[in-house]
Each structure stands twice: as structure tokens, then as C-alpha cells.
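**Q** Generate coordinates for the sequence data below:
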Amino acid sequence: MLRGMNELPLECLEGQTGGPDAQPVATLIVLHGLGADGSDFVPLARELDLSAIGPVRYVFPNAPIRPVTVNGWYDIFLPTAGDPAGERVEDETGLREAADWVQQLIDREVARGMPAHRVVLMGFSQGCAMTLMAGLRAPQRLAGLVGLSGYLPLASTLTAEASAANRDVPLFLAHGSEDDIVVPARGLATRDALQAMGYGVAWHSYPMGHTLCPEEVADLQAWLLQVLRA
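**A** Here you go, the predicted structure:
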């Protein structure tokens with residue numbers, strides 16, 4: 001079952017396993033990448049078999065329309081012309097605004113009866129960045145964070161802003177070794193930064209580009225079953 005939801009500033013698609021009358025025991029909020037929309041990862045949800053834990057609700061929000069980046073969670077600033085190796089400038093205002101929207105999605109799940117510790121936040125590329133941005137700062141303990149082919153935004157502020165409730169949240173990070181959109185070095189830097197801060201990271205690398213592969217889906221499914229059985 002898949003239907004539209006418009007209770008928040010973000011438009012969402014929503015569906016669940018187990019039939020329309022089943023009571024979900026967990027929620028996966030899935031954040032798409034740049035230029036996509038909430039429907040982009042519906043096929044992934046259909047590939048995942050989480051029936052061992054019971055019915056699961058999936059929430060697929062649409063990022064808003066933004067100038068330049070078309071439809072993204074935040075803007076992307078390119079290096080200054082003539083200085084491609086220059087320091088990367090991040091859209092802090094956009095990142096923080098989008099993190100607030102993601103937190104509203106978490107709060108909505110809690111308001112309709114899903115404990116926060118049964119909510120997994122997952123994202124691909126820019127959605128991965130938002131998963132780490134919002135999830136590591138969320139005041140409620142979450143079930144887990146899944147970052148696919150992305151990176152850690154506003155890394156310099158995380159130490160001061162990290163939520164005590166999520167200092168031990170399980171993290172699944174995956175990246176393609178041939179990714180030419182978000183280069184593998186950014187994924188590795190994210191892993192290293194989070195491990196240095198004491199986070200437990202399940203790291204996976206696959207021989208692929210900026211996409212998903214069957215092995216990644218299988219590893220993700222196993223990890224989700226583990227954290228949602230805990």
C-alpha cells in the first residue's frame with residue numbers, strides 16, 4: 001500500500017508491509033538524493049524482506065524545490081572558479097532547515113505511536129548527508145542510521161551538537177569504490193571522523209559507482225533485522 005501524505009511542509013509517500021490493517025512495529029524514513037524524489041527508493045523497500053520482525057512502515061519524503069539544485073535537501077556550492085581544490089563551503093542554513101524537517105518526520109512517527117527507538121533514518125547521497133545531519137543531533141534515541149553513498153555535513157560542529165541520546169546509535173555506512181559523484185574518499189573520511197568520535201560504524205564498500213548493488217541490499221537487510229530485533 002502506498003499513499004500520499006501532506007501533513008507536514010514536506011510531501012511524502014507512505015506505505016507499509018503486512019497489509020493496510022496491520023500495526024507497524026518499526027518505521028523507515030528514507031531520504032532520496034539530489035534530483036530525485038520520494039518514489040526513487042520505493043523499489044528498494046520492496047526488495048527488503050523484514051517480515052521476521054513484523055509489519056514495517058516506510059515514509060518517503062520529497063525534498064522541496066530549490067533554485068540551482070532543482071530539488072535537493074540543501075544547496076551545493078561549487079569551488080571558486082580557478083580554485084577547484086579550495087575549501088568546500090557548505091549551505092549551513094539549508095542543512096539546518098532540512099534537518100528540522102527531518103526531525104518533524106521523526107516527531108510525527110512518535111506522535112502516532114511509533115517509539116523513536118523503532119525508527120530508522122536512511123538516506124542516499126544528499127539524503128545520506130541529511131540522515132547524518134539530523135540523526136546524530138536528534139534528541140530521541142533512534143533505532144539506527146543508514147548512510148548510502150554520502151558524507152558527513154557540518155562535521156566541525158558535530159562534537160558540540162551531537163545528541164547524547166544517539167551517541168551509541170548503530171550506523172550502517174556504504175559506498176561505491178568507483179563512485180565519481182561522491183568520491184570514495186569522502187565516504188572514508190566520514191567513517192573515520194565518526195569512529196574518531198566514538199561512534200560504532202558498520203562500514204561497507206562495493207565495486208560500483210553512485211548507485212546500489214544486490215550485495216549492498218543484502219547486507220542492509222541483515223543489518224536492519226539485527227538492529228530492529230534488539
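
**Q** Which residues does stretch 222-230 contact?
**A** Applying C-beta atoms under 8 Å, 6 or more residues apart in numbering, the set of residues contacting stretch 222-230 from outside is 25-26, 28, 48, 50, 52-53, 118, 120, 143-144, 146, 170, 172, 202. To be clear about C-beta, it is placed using only N, CA and C from the backbone, and glycine gets the same treatment.

**Q** let me fix that: stretch 185-198
**A** Here stretch 185-198 makes contact (C-beta under 8 Å, 6+ apart) with 132, 147, 149-152, 155, 158-159, 162, 167, 171, 173, 175, 179, 201, 203, 205.

**Q** Selecting buried members of those residues in PyMOL, what would you type?
**A** In PyMOL, this line selects whichever of those come out buried by 16 or more other C-beta atoms under 10 Å:
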select buried, resi 132+147+149+150+151+152+155+158+171+173+175+179+201+203+205
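
**Q** how about the strands in the protein?
**A** Assigned by DSSP state E, the chain shows strands spanning 2-5, 12-16, 26-31, 56-61, 65-66, 70-71, 119-124, 144-148, 171-176, 201-206.

**Q** coming back round to it: give me the PyMOL select line for the contacts of stretch 222-230, limited to the buried ones.
**A** The buried residues among those can be selected in PyMOL (16+ other C-beta under 10 Å) with this line:
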select buried, resi 25+26+28+48+50+118+120+143+144+146+170+172+202
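
**Q** Among the contacts of stretch 222-230, pick out the one closest to His210, please.
**A** Lowest distance from His210 to these (C-beta to C-beta) belongs to Val146, with 16.2 Å.

**Q** what about that closest one, distance to Arg112?
**A** Per C-beta to C-beta, to the nearest Å, Val146 is found 22 Å from Arg112.

**Q** if we can go back for a sec, farthest pair within the contacts of stretch 222-230?
**A** Using C-beta to C-beta, the contacts of stretch 222-230 span at most 22.0 Å, a distance reached by Val25 and Ala202.

**Q** quick one, longest helix in the protein?
**A** Longest helix in the chain by number of residues, with DSSP state H as the criterion: helix 92-111.

**Q** Name the residues that touch that helix?
**A** Helix 92-111 has contacts (C-beta under 8 Å, 6+ apart) with 7-10, 12, 27, 29, 31, 57, 59, 61, 63, 66, 73-75, 116, 119, 121, 129-131, 133-135, 137-138, 140, 142, 153-154.

**Q** Now Leu212: phi and psi?
**A** The phi and psi values for Leu212, taken as degrees, to the nearest 10, are phi -120, psi 160.

**Q** Count the residues that sit near it.
**A** Leu212 has 19 neighbouring residues, counting by other C-beta atoms under 10 Å.

**Q** Ser125 is in contact with that one, correct?
**A** No: Leu212 lies out of contact with Ser125 (C-beta atoms under 8 Å); the separation is 10.8 Å.

**Q** Residues in contact with both of these two, list them for me.
**A** Counting by C-beta under 8 Å, 6+ apart, the shared contacts of Leu212 and Ser125 are Leu148.
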